[in-house]
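Q: model the following, please.
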Amino acid sequence: MKTTLLGAFWLGACLWTAQAQVAVLHIQVIEGNGAVHLPGARSLRPLTVVITDETGRPVEGAAVTFHLPEAGPGGTFANQLRTDVVTTDAQGRASVRSLQVNHQTGPFQIRIVAVKEQAHAGTVSSQYVAEARGAKASTTLTTPEAAPTRSTPASTPAASRSALKWVVIAIAAGGAAAAGALLAGKAAAPNGASTAIPAPTVGIPTITVSKP
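A: Residues are numbered from 1 along each chain as shown. Got it, this is the predicted structure:
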């Protein structure tokens with residue numbers, strides 16, 4: 001009787017252990033896949049995966065290993081190595097942060113492997129190191145300085161009236177040449193600036209006498 005009870009207990013324990021073990025793992029990258037990095041930059045965005053079992057429930061305590069390439073574009077993790085191991089939390093999530101990429105441009109892949117007891121799963125995350133855009137030289141358009149423009153002061157009204165007075169006197173006297181001379185001599189403003197006044201044209205007077 002005692003032996004039968006012990007055998008039943010052992011069989012039940014084995015069945016419970018078999019049921020408790022994870023048979024299948026599923027791994028999915030939920031953050032940071034397809035990230036583009038600048039050469040030599042440190043990524044502030046985490047690379048996060050979630051591990052689930054065959055029923056879709058999150059698997060806690062699974063060991064997730066992240067592997068960076070040994071050569072070519074890539075870099076190192078926060079531990080200064082190309083490999084980092086993170087254990088999943090109660091939500092089945094595992095993340096690596098502070099990826100320091102190297103200066104080699106081009107695509108690369110991070111290999112991800114999850115292990116829980118006898119079950120394991122793997123996937124890759126695509127990353128890219130882009131060429132840094134060269135700093136555009138700032139082009140400043142310089143406009144040639146225009147030659148200084150000298151403004152000619154306008155003649156004062158008093159000077160203009162004085163010049164016109166002499167022109168009228170000359171025209172009344174009947175001398176066109178005298179009017180031009182007076183205009184050239186008197187049209188200058190007191191401050192030395194010339195006042196452009198058109199010279200009047202005086203024709204020869206014509207007298208018509210009609211017979212009664």
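
Q: neighbours around R93, how many?
A: The local packing of R93 (other C-beta atoms under 10 Å) involves 18 other residues. No exception for glycine: its C-beta is placed from N, CA and C like everyone else's.

Q: could you measure from it over to I51?
A: Relative to I51, R93 is positioned 8 Å away (C-beta to C-beta, to the nearest Å).

Q: any shared contact partners between those two?
A: Jointly contacting R93 and I51 under the rule C-beta atoms under 8 Å, 6 or more residues apart in numbering are P58.

Q: residues touching the closest residue to V24 other than its chain neighbours, list them.
A: Once flanking residues are discounted, V24 sits nearest to E54: 3.9 Å by C-beta to C-beta, 6 or more residues apart in numbering. For E54, the contact set (C-beta under 8 Å, 6+ apart) comprises 22-24, 26.

Q: strands along this structure, start to end?
A: Remark: strands assigned in the chain by DSSP state E are 26-31, 35-37, 42-43, 47-52, 63-67, 75-76, 83-87, 93-96, 99-101, 106-116, 119-129.

Q: what's the domain layout of the protein?
A: For the chain, the structural domains run 24-129, 156-198, going by automatic domain parsing.

Q: local confidence estimate at T76?
A: Looking at T76, its pLDDT stands at 98.

Q: sorry, that was for R133
A: 75.

Q: any idea how far E117 lies from A62?
A: For E117, the distance to A62 - C-beta to C-beta - is 9 Å.

Q: between the two, point out the one with more neighbours.
A: Shown here are E117 and A62; by other C-beta under 10 Å, A62 has more neighbours (26 against 13).

Q: please name the nearest non-neighbouring residue to the more buried one.
A: K116 (4.0 Å).

Q: same check, this time on D84
A: Going by C-beta to C-beta, 6+ apart, D84 has F77 as its nearest residue, at 4.2 Å.

Q: so that neighbour touches V96, yeah?
A: Yes: taking contacts as C-beta atoms under 8 Å, F77 lies within contact range of V96: 5.7 Å.

Q: could you pull out the residues contacting both of E117 and A62?
A: Taking C-beta under 8 Å, 6+ apart as the criterion, E117 and A62 both touch V22.

Q: helices of this structure, residue ranges please.
A: Secondary structure of the chain (DSSP state H): helices located at 2-20, 157-173, 176-186.

Q: and the first one, average pLDDT?
A: By that I understand helix 2-20. 51.

Q: which residues of the protein score low on pLDDT?
A: The chain contains residues with pLDDT under 70 at 1-20, 134-212.

Q: what's the burial count for the nearest residue to R45 once chain neighbours are set aside?
A: On the basis of C-beta to C-beta, 6+ apart, the spatially nearest residue to R45 that is not a chain neighbour turns out to be G32, at 5.3 Å. Other residues near G32 come to 19 when the count uses other C-beta under 10 Å.
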